[in-house]
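**Student:** predicted model and sequence below, questions to follow.
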Amino acid sequence: MSSSLREVVSVMWIRMAVVFLFLSAPLPMLFAQVSPGSKAPGVEALKYTLAKSFEESGDYENAVKAFEELHRLHPENLVYFEGLQRAYLQVKRYDHAAGLIRDRLAASPNDVNLMGMLGSVLYRAGKEKEAFEEWNRAIAVSPRNQSTYRIISGYLIENRLFERSTELYLRARRESGDASLFADDLGYLYSALLRFGDATSEYVGLLLRDPNQLGFVESRIASYTNRPEALAAALQVAHEMARDHASDLSLQYLLGWLYMEGKQYDEAFEVSRVIDRLTNREGAEVFSFAERTLHEKAYEPARRAYRLVIDDHPKSNLRPQALFGYARAVEELAAAADSGAGRAPARGVRESNANASEAVGYYEQVVSEFPNTEFAAQSLYRTAFIFFHRSFDLNRAREALTELETRMPWSRIVPRAKLLKADVLIAQGDLEGARGTYDGVLTSNVAAPTERDEAAFGVALLLYSTGKFEDAKKQLKSLTENTAGDFSNDALKLSTFIDENAGMNPEPLQLYATAQLLERQHRYSEAQAVLDDLEKRFGSSTVADEGAIMVACLLARMGDFPAAVAAYDSFLVKFTDSIDRDDATFERSRIIDLRFRDPARAIKAYESFLVDYPNSLYVADVRKRIRELRGDSL
């Protein structure tokens, strides 16, 4: 039986029990049992449970009757009073609700909470003048008591009277002479009224009185900084207050945080320098800024901050981290310059090598200045990564990895370095060496689970690339079964691809796999020749469309962009049912855009893409690029 069904049955039994008892027992006896707080199974407790069940199920008319019965029995009982009050409000019997409160007020004429409740009922009944009179009467009971203002303000907010609640809190300030009173409450109300500058002023005032409230203040302001106009207002207030209180650290931290929230990194950088100077941290604050901006992929501000730490604090213990961070920022800036705008087709090796050489120089400096450190090990790995992925200098990549493994076998980067080394060996044609390297990761005690999965998938790819399809599927099986693993989807995709294309004659798939291996080795013309052979001999095979689109990609990699566009056009004409048509159309449009530098033609190509593939994953990128080409504001 489900939990919801059990609840329904339980309520039914309770109601049946109450009805039976009411029919079989005199009324005075029924209500002489126990109070709702008693644990004894008395009739009054059952009656209260029934009243609650009516209320919770939305049967408010019967809830009214049940609570009225209980209230008549024990008018002093607060639980029954509140239950009846709620029920009256649900059925909009405001006069009854007001009368109920007034009866209770007769016994407690100075109960501020009851006055506030009565004002709320009157307001809901449309008697606004009487409601405010009642609320003012409540304030007059104890005009210097902060709790009084907070209670009545709660009823005002309950009725969405934010302006009146704000006025009430300001009145409390005047009455008390304390200009800081209710700062948090006013900050909340001002933000609800979209008065973001005033809200920030309240929170800043709170921070000035207690710098330990920085985290709390940031959390409050963060509730509205997602709105551009709110962030701008908050920044204006914080900037003015930080200028007026230039030595106040908490305000500087708040200002720096707001600049970071708005991605205004140059301004945030300057604030970090101010904080560093005020705290005498010898570059530590600037370094923290650099680390955060690097994490947020704001590489130019990160580069500037790291450079400042390196130049201004040459003896700092942060120097190795700063030098490595600087190299990382330079590397990423070079990668961004190489790739142009987004997923551009690869450019020439020589250009990539030139852009990455500066980063390599800084990594070499880390290794030279701080040998046998984790930063040196990381630097050797990044150097090898650049040589392999950017300049495809296989010998220098292998040298860096060998140095890393030989000099720093203790480094946590070694398993990752082995995975990169396997890629280098495959590119050099040493498939057996690559297999042994993968095995080294699989048997490593320090490799992370993700790294071992990557090695297992690498072995499967090797088996697939050499035409050992059944062995590859066996290798992929454990990866597909581990659905939480990072490579489960890749493994499932490759396993399915083998199943769909191996068939009775595996030769077409063998040719395609061979071409993929040659592509990994950057032997593009040889890969194209294999694919041409595939098209001539097995043009109707299930893998033919994959081969055709790969030819276009290879031509783009070799820099023959007109031929690449023609190859994409041929693919689109021939393979009208291929699931890769949107990929092909997108890449074709990108070549026209980024290689031919023809904005008008590129816009036309992108617009055709949107018409043909409105549900493609590339739609958002395409729309954005069209706006960029048109010069629209983003």
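**Tutor:** Cool, got the structure.
**Student:** next one: stretch 506-517 to chain centre, how far?
**Tutor:** The chain centroid and the centroid of stretch 506-517 are separated by 40 Å under C-alpha atoms, centre = their mean, to the nearest Å.
**Student:** buried set for that stretch?
**Tutor:** Using 16 or more other C-beta atoms under 10 Å as the burial criterion, the residues of stretch 506-517 that qualify are 508-517. In this view, the C-beta of every residue, glycine as well, is placed from N, C-alpha and C.
**Student:** try stretch 456-471
**Tutor:** Neighbour-count burial for stretch 456-471 flags 456-465, 467-469 (criterion: 16+ other C-beta under 10 Å).
**Student:** with stretch 395-411 instead?
**Tutor:** Applying 16+ other C-beta under 10 Å to stretch 395-411 flags 396-398, 400-401, 403-405, 408, 411 as buried.
**Student:** what is the burial count for the nearest residue to residue 571 once chain neighbours are set aside?
**Tutor:** Excluding the flanking residues, the one nearest residue 571 by C-beta to C-beta, 6 or more residues apart in numbering is residue 548, at 4.5 Å. By other C-beta atoms under 10 Å, 23 other residues sit near residue 548.
**Student:** roughly how far apart are residue 548 and residue 370?
**Tutor:** Distance of residue 548 to residue 370, given as C-beta to C-beta, to the nearest Å: 51 Å.
**Student:** contact partners of stretch 386-400?
**Tutor:** The set of residues external to stretch 386-400 that reach it, using C-beta atoms under 8 Å, 6 or more residues apart in numbering, is 331, 334-335, 338, 349, 352-353, 355-356, 359-360, 363, 380-381, 383-385, 420-421, 423-425, 427-428, 522.
**Student:** what do you get for stretch 56-71?
**Tutor:** Here stretch 56-71 makes contact (C-beta under 8 Å, 6+ apart) with 11, 44, 47-48, 50-51, 54-55, 77, 80-81, 83-84, 87-88, 90-91, 93, 100.
**Student:** for residue 265, list the residues it contacts.
**Tutor:** For residue 265, the contact set (C-beta under 8 Å, 6+ apart) comprises 259, 293, 298, 300-301.
**Student:** identify the residue nearest it in space, chain neighbours excluded?
**Tutor:** In space, and not counting its chain neighbours, residue 265 is closest to residue 301: 3.7 Å by C-beta to C-beta, 6+ apart.
**Student:** residues of the helix or strand harbouring the one you found that come out buried?
**Tutor:** Element membership for residue 301 (DSSP states H and E) is helix 299-312. Buried residues in helix 299-312, counted by 16+ other C-beta under 10 Å: 299, 301-310.
**Student:** before we move on, what about stretch 150-166?
**Tutor:** 151-153, 155-157, 161-162, 164-166.
**Student:** secondary structure for those residues - can I get that in TSV?
**Tutor:** Shown next, in TSV, are these (DSSP: H, G, I helix; E, B strand; the rest coil):
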residue	secondary structure
151	helix
152	helix
153	helix
155	helix
156	helix
157	helix
161	coil
162	helix
164	helix
165	helix
166	helix
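**Student:** and the residues you listed, which is closest to residue 481?
**Tutor:** Nearest to residue 481 among the buried residues of stretch 150-166, counting by C-beta to C-beta, is residue 157 at 54.7 Å.
**Student:** and that closest one, how far is that from residue 538?
**Tutor:** Residue 157 is 74 Å from residue 538, by C-beta to C-beta.
**Student:** now for the contacts of residue 265, which pair is the farthest apart?
**Tutor:** 259 and 300 (15.3 Å).
**Student:** tell me where the stretch 401-550 of the chain has helices.
**Tutor:** Secondary structure of the stretch 401-550 of the chain, counting by DSSP state H, counting those that start in this stretch: helices at 414-427, 431-442, 449-465, 469-481, 488-502, 507-520, 524-537, 544-557.
**Student:** send the alpha carbons of the fifth one over as PDB?
**Tutor:** Provided in PDB are the C-alpha atoms of helix 488-502 (Å, rounded to 0.1, in the frame of the first residue of the first chain):
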ATOM      1  CA  SER A 488      30.700   4.900 -20.400                       C
ATOM      2  CA  ASN A 489      29.000   7.000 -23.200                       C
ATOM      3  CA  ASP A 490      32.100   6.900 -25.400                       C
ATOM      4  CA  ALA A 491      32.400   3.200 -24.800                       C
ATOM      5  CA  LEU A 492      28.800   2.500 -25.600                       C
ATOM      6  CA  LYS A 493      29.000   4.700 -28.700                       C
ATOM      7  CA  LEU A 494      32.000   2.800 -30.100                       C
ATOM      8  CA  SER A 495      30.600  -0.600 -29.200                       C
ATOM      9  CA  THR A 496      27.300   0.300 -31.000                       C
ATOM     10  CA  PHE A 497      29.200   1.600 -34.000                       C
ATOM     11  CA  ILE A 498      31.100  -1.700 -34.300                       C
ATOM     12  CA  ASP A 499      27.900  -3.700 -34.100                       C
ATOM     13  CA  GLU A 500      26.200  -1.500 -36.700                       C
ATOM     14  CA  ASN A 501      29.100  -1.600 -39.200                       C
ATOM     15  CA  ALA A 502      31.100  -4.800 -38.800                       C
END
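**Student:** from residue 325, how far off is the residue positioned nearest the centre of the chain?
**Tutor:** Closest to where the C-alpha atoms of the chain average out (C-alpha atoms, centre = their mean) is residue 296, at 12.3 Å. Remark: distance between residue 296 and residue 325 (C-beta to C-beta) = 13 Å.
**Student:** what's the answer for residue 66, then?
**Tutor:** Separation of residue 66 from residue 325 (C-beta to C-beta): 69 Å.
**Student:** shaky segments in the chain?
**Tutor:** Along the chain, segments meeting pLDDT under 70 span 1-41, 338-355, 633-634.
**Student:** try 50
**Tutor:** 1-41, 341-353 (pLDDT under 50).
**Student:** what count of nearby residues applies to the closest residue to residue 448 other than its chain neighbours?
**Tutor:** In this structure, residue 448 finds its nearest non-sequential neighbour in residue 415, 7.0 Å apart by C-beta to C-beta, 6+ apart. Residue 415 has 21 neighbouring residues, counting by other C-beta under 10 Å.
**Student:** show me the contacts for residue 415.
**Tutor:** 441, 444, 446-448, 451.
**Student:** how about the helix or strand harbouring residue 274 as PDB, C-alpha atoms only?
**Tutor:** If you go by DSSP H and E, residue 274 is part of helix 265-279. The C-alpha coordinates for helix 265-279 follow below in PDB (Å, rounded to 0.1, in the frame of the first residue of the first chain):
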ATOM      1  CA  TYR A 265      38.100  42.000 -13.900                       C
ATOM      2  CA  ASP A 266      40.200  45.000 -14.500                       C
ATOM      3  CA  GLU A 267      38.500  46.900 -11.700                       C
ATOM      4  CA  ALA A 268      38.600  43.800  -9.400                       C
ATOM      5  CA  PHE A 269      42.300  43.500 -10.100                       C
ATOM      6  CA  GLU A 270      42.900  47.100  -8.900                       C
ATOM      7  CA  VAL A 271      40.900  46.400  -5.700                       C
ATOM      8  CA  SER A 272      43.000  43.300  -5.000                       C
ATOM      9  CA  ARG A 273      46.100  45.500  -5.200                       C
ATOM     10  CA  VAL A 274      44.500  47.900  -2.700                       C
ATOM     11  CA  ILE A 275      43.700  45.100  -0.300                       C
ATOM     12  CA  ASP A 276      47.100  43.600  -0.700                       C
ATOM     13  CA  ARG A 277      48.700  46.900   0.300                       C
ATOM     14  CA  LEU A 278      46.300  47.500   3.200                       C
ATOM     15  CA  THR A 279      47.000  44.000   4.600                       C
END
